[in-house]
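Chemist: Prediction below, plus the sequence it came from.
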There are 2 protein chains.
Amino acid sequence: MKLDKMVGDRFKERPSDCIVDSHAFMVRGGYMKYVANGIYSQYPVLKRVTTKIENIIREEMDSIDGQEVLFPVVMPQSLWEESGRYQSIGSEMLRAKDRSGAGIVLGMTHEEAAVHLVRESANTYTKYPFMIYQFQTKFRDEARPRAGLIRVREFTMKDAYSFHTSMEDLENYYQICYDSYHRIFAKAGVPDVISVKSDSGMMGGSVSHEYMLLTPIGEDTIAICSECDYRANMEAAENIIINDDKSAMEELVKVHTPGYKTIEEVSGFLKKDITQTCKAVVYQKNLTDEYVIVFMRGDMELNETKLRNFLGEEIHAAEITLESGLVAGYMGPVGLDAKCTVLYDSSLKGTKNLVCGANEDEYHYTGFNVDRDVKDIEYYDFAKITEGGICPCCGKKSITISRGIEVGNIFQLGTKYTKSMNMQYTDQNGQLQYPIMGCYGIGVGRLAASVCEAKHDDYGPIWPITIAPWEVHICCLRSDDAEVKKVSDDLYDRLQKSGVDVIYDDRKGVRPGAMFADADLLGCPVRVVVSPKNLKENLCEISTRDKSIQKKVAVEDTFDEVLAIIKQLKDEIMSKVK
Amino acid sequence: MKLDKMVGDRFKERPSDCIVDSHAFMVRGGYMKYVANGIYSQYPVLKRVTTKIENIIREEMDSIDGQEVLFPVVMPQSLWEESGRYQSIGSEMLRAKDRSGAGIVLGMTHEEAAVHLVRESANTYTKYPFMIYQFQTKFRDEARPRAGLIRVREFTMKDAYSFHTSMEDLENYYQICYDSYHRIFAKAGVPDVISVKSDSGMMGGSVSHEYMLLTPIGEDTIAICSECDYRANMEAAENIIINDDKSAMEELVKVHTPGYKTIEEVSGFLKKDITQTCKAVVYQKNLTDEYVIVFMRGDMELNETKLRNFLGEEIHAAEITLESGLVAGYMGPVGLDAKCTVLYDSSLKGTKNLVCGANEDEYHYTGFNVDRDVKDIEYYDFAKITEGGICPCCGKKSITISRGIEVGNIFQLGTKYTKSMNMQYTDQNGQLQYPIMGCYGIGVGRLAASVCEAKHDDYGPIWPITIAPWEVHICCLRSDDAEVKKVSDDLYDRLQKSGVDVIYDDRKGVRPGAMFADADLLGCPVRVVVSPKNLKENLCEISTRDKSIQKKVAVEDTFDEVLAIIKQLKDEIMSKVK
């Protein structure tokens, strides 16, 4: 393809609304165009990248016996009512009425459609296991789309659904898919993507993993053990606190703490370490506005997802009214007189002699001993794991906290959808059973942006050759010079005829600096520069986008050398695919 | 791929709701599943067919310098307001509100998105011409989806948009695209698709063509000249009537025609041929309810699209009220006293001594001579062309009327969208100009269904090898027979390794008849049957789905023979690609 007619402009200035580099480069490089909040059109450059990513994913899905299907974007409301998700999913799901007044939704995922497609035909155990997958447009009406293609409202997703007759079979296939995902990311040039245990959220099911590309701009926070293999999303990482205070229990004493409301103020005033305090974190249930109070050690932070999953319903930060019976700033477990759900975080287990609120304006207790002062306590895990915390796997204080972008996820769904949608098969004994499902997703555009985030310099993306828009970028520095033009044209023709993806910049009157800046933004791995100066010595300049190769070769050797470098770059990537 | 684990069932009974054969076969063959009215999921078989069609189209679009892009499915209302189509398109466009209350629409076509993508960057004449295209899901909220994939609400469409700086350049590219479309249909195995002149409808613009696959189940009616190349959609075909009555003008005489209201009743009563009458066809404008009366020769039928295009607005059949001043059954051009738009169809031109209504209950006129009795008449073409009518091109009475499915369309849009959306470029003289657009569409699923409609027998589709789900179908008639299984397995392996698409039926305990019925429904062009009976003579059976080849070959020659037949079938198709 020739650059001069390519649709989409490149420019120098970083747009002020681009917070992350991948977004800035994709706007500056003519990859994408804003259409509406979280909705973009793809220019040819980006489309070429996403097509290559799709082909890598398709190849892997086919190799693990996936069958490609296609579900609709628009689905009837009734289908989502069957699974119960029409009710349980909030405003991220776009709902509308068609011309007949029937309720429709835009697909944000396709579990319901997958069960609908196979529930009659997969009626006997002999048809199992199987996996179906698709590439399809999804729409999630996110409240806060951000960071370009990292979090959008409309996106193309590969979603796969497997069906099994036993947990063992699901687990076996889950592992196959788990490995396949690592191969996909390695083939896309990011072998360092890690898998972490995750919270299943609205998908249901138990075991699930997210694939994370670690980067400071990631939206997800991940706990990683530096001593063992443990890795988990913050929402799924158990926080372990060992309190081994050997001192004797003090008496519970009410003390006057005028104006000292926050845990920091109170502990300062009473000269206690913050770990010697018990704080209250208050939410309300969305449906009923009922209060939910979680008591936890003063130095802990609550993880809302953990609480939400425990309650099984949506919550919001509490607004504490006079009628509630709650005393803002002075809540404590002893003498709490209000209608609410009271929960205890594991961080309180084994504590002694804490400071806590006395449920009375301007008063706290000292000497609070939870097992003595409150009866029949059950502890649950609601707190965030922290840097240097205890690894739930090896027990060492070796947790580090990193940020990452979720580039894929896999779920063991179990029978959530097959039961609710009444999909059954006859087993070997003639009994009706519900099949067990797994599901497996990858967002194509987000993966493209994530690779860009992981692989770029100050001037643009450094695309891995497997997903680069073109493999080779030829810069013809003086296309008005007949010889330069001829050498460039010949190379372009020969490479194209050999099946190499080439972008050819033979624009007239464009400065070399501008040409190189454009080439940097397009980020193609191999660059060939043909210039009058080098041609005088019968040379062409070949370099890689990451500058690891920069050499001049004889004109007649250029073609072979380019092919050799392409092979080398591909081999490097494939050497990391396990 | 092995048939036993393939998702999607095949069955024998024709579903009662399938009116057309392609729909019936695609349901019976496990190609598609109903999700909602006009919305289907695609099983692997159909997905394989549509993917192959997409690849044929992509190859052609790339060969005429198309650049693949991707526009969103969900677009902001404001984008469609810019072109005016948010207002002008009716309930086929699905409108909704997102979580922030902003109006959104689902894309039914992407002219607006195309202009939006390029309007800033294509700002100088040097960037022209260019063409961009995409494959994307479209949603049209059709009132009456029908015939399976022929008319649906959700579908994948290839839509292309070209931009030019002169009409000449557009016309030149339009011709290139016109030829490319013929190649696409030929490559898909239906070289007999014809192009016809069409009405541009809601797309705007002037010249446009539809590509029609002629079939009795088609929704479109096409006028074809048997003497010359003229072909046009009924809506675009000019109706030519030559009245050469040499008799003298009679006097206008009012006659009593009690109870004779319809044109047939009146002409019968007055013993006049129906061509000797003038009838009134009455509509009302949707916006104002203003009456529109078209007078035409009694034997003509009005084409509503012609009238709609002439008026430039929507119309509906009239409800004639007492207050209107119109006398139902007795309307005529003379003495018409009502506020309405009055139009004359060309079929009245040159008529003499007609019967027409007298605008008085139970009275008609005889001896009506339109040019004498009504002043300053302009005639327009509102009537349907009929079988045996005059060809607008060669002038012979050689029009035949056929039915067809529209499998593609191309439009010369002109500046409708660039003007309304204010897209401009600087020309060679430094002047601002509006680029001229063309657009080019093909519905992928409809093309699949149309090919099936054109190519099937009583037992299933006969897929052209270029778009067949698989090239070869192997039936292993007794997989419990070790030798049969081994010969089948070996052939399957060798063909797969040679890059041939193979579906392999080695199901145990399935009768040969059931296997063959399934193979007929899958419609793969080459079939190999391995059976104990033939193996005794060291033979395999090879046949084509259309039965043109049926032979037995030695086991050791089977592989080569299959490859030779595949090549032959491909060559046959490519020989018709011009």
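Modeler: Good, I have the coordinates.
Chemist: Okay, now the unreliable bits of the stretch 51-200 of chain A?
Modeler: A:199-200 (pLDDT under 70).
Chemist: Tell me where it has strands.
Modeler: Ranges of strands in the stretch 51-200 of chain A, per DSSP state E, counting those that start in this stretch, are A:66-68, A:74-76, A:95-97, A:103-106, A:130-139, A:154-164, A:194-197.
Chemist: Mean neighbour count for those strands - can I get that in a markdown table?
Modeler: All C-beta atoms are positioned from the backbone trio N, CA, C, and that covers glycine. Output for the strands of the stretch 51-200 of chain A, formatted as a markdown table (neighbours: other Cβ atoms under 10 Å in any protein chain shown):
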| stretch | mean neighbour count |
| --- | --- |
| strand A:66-68 | 22 |
| strand A:74-76 | 23 |
| strand A:95-97 | 17 |
| strand A:103-106 | 22 |
| strand A:130-139 | 22 |
| strand A:154-164 | 24 |
| strand A:194-197 | 20 |
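Chemist: wait, which of those strands is closest to residue B:546?
Modeler: strand A:66-68 (27.1 Å; Cβ to Cβ).
Chemist: Tell me which residues are up against that closest one.
Modeler: A:58, A:61-62, A:130-135, A:160, B:1, B:6-7, B:44, B:47-48, B:51 (Cβ atoms under 8 Å, 6 or more residues apart in numbering or on different chains).
Chemist: what residue is smack in the middle of chain A?
Modeler: residue A:406 (1.8 Å; Cα atoms, centre = their mean).
Chemist: re earlier: make JSON lines from the strands of the stretch 51-200 of chain A and add distance to residue B:338 to it.
Modeler: What follows is the strands of the stretch 51-200 of chain A, written out as JSON lines (distance: least, Cβ to Cβ, whole Å):
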{"stretch": "strand A:66-68", "distance to residue B:338": "62"}
{"stretch": "strand A:74-76", "distance to residue B:338": "46"}
{"stretch": "strand A:95-97", "distance to residue B:338": "40"}
{"stretch": "strand A:103-106", "distance to residue B:338": "44"}
{"stretch": "strand A:130-139", "distance to residue B:338": "51"}
{"stretch": "strand A:154-164", "distance to residue B:338": "52"}
{"stretch": "strand A:194-197", "distance to residue B:338": "78"}
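Chemist: Which one, of those strands, ends up nearest to residue B:296?
Modeler: Comparing the strands of the stretch 51-200 of chain A under Cβ to Cβ, the one sitting nearest is strand A:95-97, at 40.8 Å.
Chemist: Tell me which other helices or strands that closest one touches.
Modeler: On a contact count with 3 or more Cβ pairs under 8 Å, 6 or more residues apart in numbering or on different chains; DSSP states H and E, strand A:95-97 meets strand A:103-106, strand B:95-97.
Chemist: Compare these and report which one is nearest to residue A:270.
Modeler: strand B:95-97 (53.3 Å).
Chemist: does stretch A:112-122 come close to chain B?
Modeler: Yes - Stretch A:112-122 is in contact with chain B by Cβ under 8 Å from any Cβ of the partner chain, via A:113, A:116, A:117, A:118, A:120, A:121, A:122.
Chemist: quick one, domains of chain A?
Modeler: A:19-73+A:106-221+A:402-454, A:253-380, A:470-574 (automatic domain parsing).
Chemist: got a list of what residue A:116 touches?
Modeler: A:79, A:421, B:33, B:35, B:41 are the contacts of residue A:116 under Cβ under 8 Å, 6+ apart.
Chemist: quick one, the strand ranked longest in chain A and strand A:154-164 angle?
Modeler: Longest strand of chain A, by residue count under DSSP state E: strand A:399-414. Angle, strand A:399-414 to strand A:154-164, by axes from the mean of the first three to the mean of the last three Cα atoms, to 10 degrees: 60 degrees.
Chemist: Provide the contact partners of stretch A:533-553 at residue level.
Modeler: With contact meaning Cβ under 8 Å, 6+ apart, stretch A:533-553 is reached by A:457, A:462-463, A:483-484, A:487, A:491, A:520, A:523-531, A:554-555, A:558, A:561-562, A:565, A:569.
Chemist: now do stretch A:362-380
Modeler: For stretch A:362-380, using Cβ under 8 Å, 6+ apart, the contacting residues are A:249-260, A:266, A:270, A:272, A:278, A:295, A:310, A:330, A:332-334, A:343-346, A:348-349, A:351-358.
Chemist: same question, stretch A:554-564
Modeler: Contacts for stretch A:554-564 (Cβ under 8 Å, 6+ apart): A:472, A:487, A:491, A:494-495, A:498, A:500, A:526, A:528, A:535, A:538-540, A:542, A:551, A:553.
Chemist: Not counting sequence-adjacent ones, nearest residue to residue A:102?
Modeler: Residue nearest to residue A:102 in three dimensions, not counting chain neighbours: residue A:76, with 6.5 Å by Cβ to Cβ, 6 or more residues apart in numbering or on different chains.
Chemist: next one: residue A:110
Modeler: Per Cβ to Cβ, 6+ apart, closest to residue A:110 is residue A:71, 4.6 Å.
Chemist: That neighbour: how many residues sit nearby?
Modeler: Residue A:71 has 24 neighbours, counted by other Cβ atoms under 10 Å in any protein chain shown.
Chemist: cool, residue A:376 as well?
Modeler: Neighbours around residue A:376, by other Cβ under 10 Å: 5.
Chemist: and what of residue A:549?
Modeler: For residue A:549, using other Cβ under 10 Å, the count is 16.
Chemist: go on, residue A:273?
Modeler: 10.
Chemist: Please look at it and residue A:267 and confirm they touch.
Modeler: Yes - at 6.8 Å, residue A:273 counts as touching residue A:267 under the criterion of Cβ atoms under 8 Å.
Chemist: Mind putting the helices and strands packed on strand A:95-97 into TSV with distance to residue A:151?
Modeler: Shown next, in TSV, are the helices and strands packed on strand A:95-97 (distance: least, Cβ to Cβ, whole Å):
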stretch	distance to residue A:151
strand A:103-106	17
strand B:95-97	21
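Chemist: Residue B:323: which of those is closest?
Modeler: Among these, if distance is taken as Cβ to Cβ, the winner is strand B:95-97, at 35.3 Å.
Chemist: which residues sit against the closest one?
Modeler: So strand B:95-97 is contacted by A:94, A:95, A:96, B:77, B:103, B:104, B:105, B:106 (Cβ under 8 Å, 6+ apart).
Chemist: re earlier: out of the contacts of stretch A:554-564, who's nearest chain B?
Modeler: residue A:500 (15.4 Å; Cβ to the nearest Cβ).
Chemist: count of neighbours near that closest one?
Modeler: 17.
Chemist: quick one, what contacts the residue nearest to residue A:102?
Modeler: Residue A:76 neighbours (Cβ under 8 Å, 6+ apart): A:102, A:103, A:104, A:105, B:35, B:36, B:39.
Chemist: what about 10 Å?
Modeler: A:82, A:86, A:98, A:102-105, A:112, A:116, B:35-37, B:39 (Cβ atoms under 10 Å, 6 or more residues apart in numbering or on different chains).
Chemist: Quick one: buried ones out of the contacts of stretch A:554-564?
Modeler: A:472, A:487, A:491, A:495, A:500, A:526, A:528, A:535, A:539, A:540, A:542, A:553 (16 or more other Cβ atoms under 10 Å in any protein chain shown).
Chemist: Now residue A:62: closest residue in space, sequence neighbours ignored.
Modeler: Per Cβ to Cβ, 6+ apart, closest to residue A:62 is residue A:68, 7.6 Å.
Chemist: Thanks a lot, catch you later.
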